[in-house]
Structure formats: C-alpha cells, structure tokens
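Asks: Sequence below, structure please.
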Amino acid sequence: MRETISTQPIIDLVQSFSDLLQQGSQIGLDFLESLGQVQVPDSMSTIMQQLGLPKMRSTKTCCCQQSQGGCSCKIPPPCWAPRCLGEVVSHVCPGGTASIRICITNSGTTRREFTVDVGENAKGVTLTPSALSLGPMEHGSIVASAALPADASSSHEHEVRLWIHGCRDYILCWTVKVAKRGASCGCHEIEVCDGPDWIHHWYDHFYCERPCA
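Replies: I've put the predicted structure just below:
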C-alpha cells in the first residue's frame, strides 16, 4: 500500500521562512531610514517581488514637525520675531467707517499691559481704548476704526500696519478699500492669545542675532 506524504509542513516552513526574511528586511530598512532617510532601491523591490514576498512598506517619517497636511521640516520664524496675524481687507462705502476688533487674551500668569500702534500711516485711524491692562487669563478688546471721507473715489485705498504689543509683538496688515456696493461699516475680529512660551523648540538653536550691516 502506497503511503501518502503530506507536503503541508514543508509549505508552512517555507512560508515561515518567507515571513522571517520579510520582517528582517523591514527592520533593516527602518534602521537605515532612521539614519539617513534612505529609500528602498528598485533592485531590492524587484528581488522581493520575484521571490513572492510581500512588498516592503515605506516607513519614512519626519523627525522635525508633524501636521495634518503631512510632514514639514520648514523652520518657523524665531520666537523673538513679530508674529504675523495675516491680512484683512475692509470694503466700505464712501463716508463709512471700517473697524477691526482685536480680541486679546492674556494667557500668562501675571498682569500685563497691551497696546496697539498704528505706525506712521495712521491718518484717520482711532483706537478705543488706547491700551489694556489684563490680569492672568483675562481678556479684552481694542477697536481700531478708520473713517472714509464722503467724497472718496473708487480707487481710494488705505493701508495700515497694526502692531500689537504684549508679551510678544504681533503685526496685522489692514487695507481699507472703497466699495460701490456694501455695508456702511466693515467690521472684522482678530483673536490674539498672548503669553510666554516655555517650550524649548527643536529649531531654537538655528537662530542667532546678526545685526544689520
């Protein structure tokens, strides 16, 4: 009587060896990528495919900075540089008034004075109030208003730089334009959460003071 020999143990052994080889290769790949961000050579991927092994996954990560949009190694501005709050454009009819409400929160643990400076191009711009004194975790607002003359032409454009001074400095670019159609009052709100930064960031050592020539 012929005895039938099962080949299943041999298949299982080959599969186990294949899994072990794949895991070892993946560990080596992870190690190389952690050192120098090395990519998998095409020849290695071809060999793995010919052997019938699973395709290696890419584990490339960024040690710098993670964000929702992906990995970014862009160096942010230094902590001592003014923080940009962006640009705001107000469209107001002639004779109307544009305004920006700057909502400030003191996230520090001590009372702090906050002021807003409109710079040299401050014609027609008023601040209410001119300064704020906020305790820890308190919040308040300063309203900057710019009134347009009743005979302002359609090409009229007034650009102002608003500097907010607190624990840090912030800059907001504000442009007031004449609109043929629109409300008589263009109102915007900008939130500023101000306070000390106690975290030592990875990019801090990239900066040093270099005075202007």
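Asks: Where do the strands of the chain begin and end?
Replies: Assigned by DSSP state E, the chain shows strands spanning 66-67, 70-71, 83-92, 97-106, 112-117, 125-128, 131-134, 139-147, 157-165, 169-178, 185-194.
Asks: and this protein, what are its domains?
Replies: 9-60, 83-194 (automatic domain parsing).
Asks: Would you single out the least confident of the ones you listed?
Replies: For the domains of the chain, mean pLDDT drops lowest on domain 9-60, to a mean of 61.
Asks: Figure out which of the strands of the chain is closest to residue 20.
Replies: Across the strands of the chain, residue 20 has its closest neighbour in strand 70-71 (30.9 Å, Cβ to Cβ). Where C-beta positions appear, they are placed from N, C-alpha and C, glycine not excepted.
Asks: What average pLDDT does the closest one get?
Replies: Computed over strand 70-71, the average pLDDT equals 54.
Asks: picking up where we left off before, so which of the strands of the chain is the most surrounded?
Replies: strand 97-106 (a mean of 21; mean count of other Cβ atoms under 10 Å).
Asks: The residue lying closest to residue 178 once chain neighbours are set aside: how many residues sit nearby?
Replies: Computed as Cβ to Cβ, 6 or more residues apart in numbering, the closest residue to residue 178 that is not its neighbour in sequence is residue 156, at 4.4 Å. For residue 156, the neighbour count with other Cβ atoms under 10 Å is 14.
Asks: Test my guess that residue 156 contacts residue 179.
Replies: No. Between residue 156 and residue 179 there is no contact under Cβ atoms under 8 Å: 10.2 Å.
Asks: Which of the strands of the chain sits closest to residue 16?
Replies: Among the strands of the chain, strand 70-71 sits nearest to residue 16 (Cβ to Cβ), with 35.1 Å.
Asks: if we can go back for a sec, quick one: the residue nearest to residue 178 and residue 81, what's the gap?
Replies: 32 Å (Cβ to Cβ, to the nearest Å).
Asks: And residue 148, by the same measure?
Replies: 33 Å.
Asks: Also residue 144?
Replies: In terms of Cβ to Cβ, residue 144 sits 22 Å off from residue 81.
Asks: on that earlier part again, residue 13: which of the strands of the chain is closest?
Replies: Of the strands of the chain, nearest to residue 13 by Cβ to Cβ is strand 70-71, at 40.2 Å.
Asks: Contacts only, for residue 177.
Replies: 89, 90, 91, 92, 156, 157, 158 (Cβ atoms under 8 Å, 6 or more residues apart in numbering).
Asks: swap in residue 206?
Replies: residue 75 are the contacts of residue 206 under Cβ under 8 Å, 6+ apart.
Asks: now residue 213
Replies: Taking Cβ under 8 Å, 6+ apart as the test, residue 213 contacts no residue whatsoever.
Asks: next one: residue 101
Replies: With Cβ under 8 Å, 6+ apart, residue 101 has these contacts: 141, 142, 143, 187, 188, 189, 190.
Asks: Farthest-apart pair in those, please.
Replies: Greatest spatial distance among those (Cβ to Cβ): 142 and 187, at 13.8 Å.
Asks: separation between the nearest residue to residue 99 once chain neighbours are set aside and residue 127?
Replies: Using Cβ to Cβ, 6+ apart and skipping the chain neighbours, the partner closest in space to residue 99 is residue 145 (4.5 Å). Using Cβ to Cβ, one gets 8 Å for the distance from residue 145 to residue 127.
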